[in-house]
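In: Have a look; sequence and predicted model below, questions after that.
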Amino acid sequence: MISVLLNALKVFHISMEKNRIYKLICVFVIALVGCSTAFYLFEGNPDMNYGDSLWWGFVTTTTVGYGDYYPETMGGRLFGVILMIIGISTFGFLTAAIASIFVEKKMKEGLGLMDIKFKNHIVIIGWNKKSETMLNELIKDNPERKVVIISEIERLDLKNKNTYFVHGDPTIDETLIRANIAYADIVMVVADENLMNKDGMADAKSVLICLAVDKFNTDIHLIAEVLNEENIPHFERANVNDIIVSNQMSSRVMVRSAVYKNVSSVLKELLTNSYGNQLYECVINDEDAGMTFKELSSKYLCKYNAVILGIANKEVSLNPDKDTIIQKSDVIIYICDKKLYQSG
């Protein structure tokens with residue numbers, strides 16, 4: 001939080017320098033002190049000290065004019081008029097300059113020209129209808145999680161406060177650096193729809209992106225959409241953790257729906273945060289280590305109304321033997337109407 005605040009102040013300071021606001025403030029202070037001093041000397045009011053004249057100068061520049069002190073001599077009134085003109089001009093320009101800083105920042109965000117400074121974020125590379133659905137699901141799952149979109153589209157207006165856009169070619173290092181990819185937690189690569197009609201080009205571009213990401217962060221959890229199953233080995237060589245063959249998955253869902261007519265409704269509910277129960281995972285509590293899968297399932301069903309589907313360690317084991325002993329490092333995969341936040 002402190003680093004984000006310091007970075008925001010740094011950006012604001014650079015913008016202030018760029019718009020010459022510091023010079024304007026200096027001119028204002030000099031004029032304020034000079035005219036207040038002249039007012040003090042011309043008026044010669046025994047009931048007014050120098051601090052009172054500075055107070056008069058400030059309220060005059062802001063056109064507030066409380067009336068507790070006012071010029072009675074011609075010289076005092078002349079410097080009062082000068083100070084009013086300077087004050088109106090300065091505050092008008094200052095307001096416009098500060099407003100332009102925020103407008104410029106907002107425009108840069110929409111055009112994807114801002115550099116990402118925060119860490120532990122999710123990055124979606126590629127923007128289309130699937131990417132939009134993914135983003136909405138991520139927001140519903142955790143509205144506070146920061147998500148960065150990388151795309152070559154010219155402009156992208158994101159409504160959620162924790163979503164950010166970086167414009168550029170994701171195969172180029174400069175674009176990934178601007179998205180702070182080295183400090184991201186998860187990267188999801190979506191196939192480029194503009195290249196789908198060109199034989200193998202969409203997967204080839206996705207592989208290049210995965211290789212570029214892996215160059216910056218070998219420990220990142222990398223997920224990629226694959227159009228052609230034959231290209232899976234290329235993604236494996238790029239150290240992709242989860243390879244999603246989109247056509248294959250949709251075909252298998254259709255087959256299961258044809259054979260078992262209620263399966264599609266179950267899958268729709270489990271794969272969205274919009275309604276009903278969802279699939280989650282969490283690290284087991286220390287107190288659960290040593291229990292059998294049967295005992296753990298019974299506990300979670302009674303205590304959390306959650307159904308455990310399986311256990312993950314180095315590999316995922318769905319519906320393991322009821323006598324399987326739960327280890328301390330195990331991750332449980334479960335169905336529930338809400339996320340369970342407990343961990344070991």
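Out: Perfect, thanks for sending it. Numbering: from 1, shown residues only.
In: what about the helices in the stretch 51-200 of the chain?
Out: Using DSSP state H, counting those that start in this stretch, the helices of the stretch 51-200 of the chain run over residues 74-111, 129-141, 173-178.
In: Which helix or strand contains Lys23?
Out: Secondary-structure element containing Lys23, defined by DSSP states H and E: helix 21-43.
In: typo on my end, Cys282
Out: With DSSP H and E as the criterion, Cys282 is inside strand 278-283.
In: which neighbours does that strand have in its sheet, and in what orientation?
Out: The pairing partners recorded for strand 278-283 under DSSP bridges are strand 331-336 (antiparallel).
In: re earlier: other residues contacting the strand holding Cys282?
Out: Defining contact as Cβ atoms under 8 Å, 6 or more residues apart in numbering, one finds that strand 278-283 is touched by 269-272, 309, 312, 329-337, 339-344. Every C-beta, even on glycine, is put in place using the N, C-alpha and C of the backbone.
In: Buried among those? Need that as a selection in ChimeraX.
Out: Here is the ChimeraX command that selects the buried residues among these (16 or more other Cβ atoms under 10 Å):
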select :309,330,332,333,334,335,336,340
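In: Now intersect the contacts of strand 278-283 with the strands, please.
Out: Mapping these onto strands (DSSP state E) picks out Leu309, Ala312, Val331, Ile332, Ile333, Tyr334, Ile335, Cys336.
In: tell me the contacts of the residue nearest to Asp173 when sequence neighbours are not counted?
Out: If you skip the residues right next to it in sequence, Asp173 has Ala212 as its closest partner in space, 6.7 Å away by Cβ to Cβ, 6 or more residues apart in numbering. When contacts are counted by Cβ under 8 Å, 6+ apart, Ala212 is found next to Pro170, Thr171, Ile172, Asp173, Leu176.
In: CSV for those, including distance to Ser151, neighbour count and pLDDT?
Out: Supplementary listing: those in CSV, determined by distance: Cβ to Cβ, whole Å; neighbours: other Cβ atoms under 10 Å; pLDDT from 0 to 100:
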residue, distance to Ser151, neighbour count, pLDDT
Pro170, 8, 25, 92
Thr171, 13, 17, 90
Ile172, 13, 13, 90
Asp173, 17, 12, 91
Leu176, 13, 26, 93
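In: Kindly indicate which of those lies nearest Phe118.
Out: When the contacts of Ala212 are compared for distance to Phe118 (Cβ to Cβ), Leu176 wins out at 15.3 Å.
In: Return the distance of that closest one relative to Gly168.
Out: 9 Å (Cβ to Cβ, to the nearest Å).
In: do the same with Ile86
Out: Between Ile86 and Gly168 the distance, using Cβ to Cβ, works out to 45 Å.
In: Low-confidence regions, the stretch 151-300 of the chain specifically.
Out: When the per-residue scores of the stretch 151-300 of the chain are filtered using pLDDT under 70, no range remains.
In: Tell me which stretches of it form strands.
Out: Counting by DSSP state E, counting those that start in this stretch, the stretch 151-300 of the chain has these strands, from start to end: 163-167, 186-189, 221-226, 242-245, 278-283.
In: between those strands, which one is nearest to Trp56?
Out: Across the strands of the stretch 151-300 of the chain, the minimum distance to Trp56, taken as Cβ to Cβ, is reached by strand 163-167, at 47.7 Å.
In: and the residue of the chain lying at maximal distance from its centre, what are its phi and psi?
Out: Distance from the C-alpha centroid of the chain peaks at Pro46, with 60.1 Å (Cα atoms, centre = their mean). In terms of degrees, to the nearest 10, the main-chain angles of Pro46 are phi -70, psi -20.
In: Now Pro320. Nearest residue, chain neighbours left out?
Out: Counting by Cβ to Cβ, 6+ apart, Phe293 is the residue found nearest to Pro320 once chain neighbours are left out, at 5.3 Å.
In: related to what we said a few turns ago, just name whatever secondary elements the helix holding Lys23 is in contact with.
Out: Using 3 or more Cβ pairs under 8 Å, 6 or more residues apart in numbering; DSSP states H and E as the contact definition, the elements that helix 21-43 packs against are helix 50-61, helix 74-111.
In: Now do the shortest one, average pLDDT.
Out: In this model, helix 50-61 carries a mean pLDDT of 85.
In: Next: the longest one.
Out: Within the predicted structure, the mean pLDDT of helix 74-111 is 75.
In: Break this protein down into its structural domains.
Out: Here the domain assignment for the chain is 2-111, 122-249, 277-344, based on automatic domain parsing.
In: Of those domains, which stretch is the most buried?
Out: Of all the domains of the chain, domain 122-249 carries the top mean neighbour count, a mean of 17, counting by mean count of other Cβ atoms under 10 Å.
In: Report how far apart the opening and closing residues of that one are.
Out: From the first residue to the last, domain 122-249 extends over 23 Å; the measure is Cα to Cα, to the nearest Å.
In: what about the nearest residue to His234 once chain neighbours are set aside, distance to Thr133?
Out: Distances taken as Cβ to Cβ, 6+ apart put Val207 closest to His234, at 4.8 Å, once the chain neighbours are dropped. Distance check for Val207 against Thr133: by Cβ to Cβ, it reads 23 Å.
In: got a list of what Ser131 touches?
Out: Taking Cβ under 8 Å, 6+ apart as the contact definition, Ser131 lies against Ile124, Ile149, Ser151, Val190.
In: give me that answer again for 6 Å
Out: Listed by Cβ atoms under 6 Å, 6 or more residues apart in numbering, the contact set of Ser131 reads Ile124, Val190.
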